[in-house]
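A.B. asks: quick one, structure for this:
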Amino acid sequence: MHGGFFSAAQAEGLRVPLADGTLVKAPVGEDSELLPALLALSDVLGTGYHAAVKGGVNERTAVTVIGDGAVGLLAVLSAKRLGAQQIILMGRHKARTDLGRAFGATDVVAERGEEGIAQVRELTGGHGTHVVIEAVGHMPAYEQAYGVVRPGGVISRVGVPQYEEAPIGFGSLFGGNITLTGGPAPARAYIEELLPDVLDGRIQPGEVFDRTVDLDGVPDGYRAMDDREALKVLVHP
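C.D. replies: Below is the predicted model of the structure:
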């Protein structure tokens, strides 16, 4: 588990290399209602927060988040935590975008491609947003990102790219002085910063888990996520 949380029972007899730097002792019991939120903190929340931090999100920035998966939704939550006043979520699954609104999205754009880009531009007075968080990893999402970022803005990618080459020339990034950043999240590095908000209930990232399975149910859990039947699956041994 990334920056993982283990109960005493789970940790018994388990050897964890470099545990003093990778594990965090959760100050809750094994039956705590906070366990889903703590689990999110060790992975998907850290990734969404990393995207927002690398993008430089603050109270003066408008943000577009592309992708309504768990990382995208927690990027919305993270942008809200960092003070963004306008957060546009681009996603098509209503149950997910409703959760995105609960996390702080001010607008939802379901359309993709040129139509979606035009809607974001309209919502931002034609300018686009200062920061775009790309949480998908496919080329159409990257193309949407540079379509909705404003001149001088930042595209922060945390969706694992399913391509090796992408437009970066004058007509996409270079001409608009666009910064491209992002990458794999050092989730462990953010835990101390975010943990107090989780423990106090100020943020509730565990709401991305909408299905629980046991170990035998793991294959079906992966299938459910792949088929968009589940947003994020929690494994409870």
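A.B. asks: check contacts around Asp197.
C.D. replies: Asp197 makes contacts with Arg81, Ile203, as judged by CB atoms under 8 Å, 6 or more residues apart in numbering. No exception for glycine: its C-beta is placed from N, CA and C like everyone else's.
A.B. asks: does it count as helix, strand or coil?
C.D. replies: helix (DSSP: H, G, I helix; E, B strand; the rest coil).
A.B. asks: I'd like the distance between it and Val109.
C.D. replies: Per CB to CB, to the nearest Å, Asp197 is found 28 Å from Val109.
A.B. asks: so which residues of the protein form strands?
C.D. replies: In the chain, the strands defined using DSSP state E lie at 62-66, 86-90, 107-109, 129-134, 149-157, 179-182, 211-213, 233-235.
A.B. asks: what's in contact with the fourth one?
C.D. replies: If I follow you right, that is strand 129-134. Here strand 129-134 makes contact (CB under 8 Å, 6+ apart) with 48, 51-52, 55-57, 60-67, 72, 75, 79, 84, 86, 88, 120, 141-142, 144-146, 148-150, 152-159, 182.
A.B. asks: buried members of those residues into ChimeraX, please.
C.D. replies: One line in ChimeraX is enough to select the buried ones among the contacts of strand 129-134; burial here means 16 or more other CB atoms under 10 Å:
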select :48,51,52,55,56,57,61,62,63,64,65,66,67,72,75,79,84,86,88,120,141,142,144,145,146,148,149,150,153,154,155,156,157,158,159,182
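A.B. asks: neighbours of Leu234, how many?
C.D. replies: Using other CB atoms under 10 Å, the number of residues around Leu234 comes to 17.
A.B. asks: so where is the chain shaky, pLDDT-wise?
C.D. replies: For the chain, the stretches with pLDDT under 70 are 1-13.
A.B. asks: domain ranges for it?
C.D. replies: Split into domains by automatic domain parsing, the chain comes to 8-43+186-235, 56-182.
A.B. asks: can you tell me which of those is most buried?
C.D. replies: Counting by mean count of other CB atoms under 10 Å, domain 56-182 has the highest mean neighbour count of those, with a mean of 20.
A.B. asks: ends of that one, what's the gap?
C.D. replies: 11 Å (CA to CA, to the nearest Å).
A.B. asks: mind starting the numbering at 8 from now?
C.D. replies: Right, with 8 as the first residue, what we last looked at is domain 63-189.
A.B. asks: now tabulate the strands of the chain in CSV and tack on distance to Glu37.
C.D. replies: Formatted as CSV, the strands of the chain follow (distance: least, CB to CB, whole Å):
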stretch, distance to Glu37
strand 69-73, 33
strand 93-97, 34
strand 114-116, 37
strand 136-141, 34
strand 156-164, 36
strand 186-189, 35
strand 218-220, 15
strand 240-242, 14
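A.B. asks: closest one to Leu48 among those?
C.D. replies: Among the strands of the chain, strand 240-242 comes nearest to Leu48, with 13.2 Å by CB to CB.
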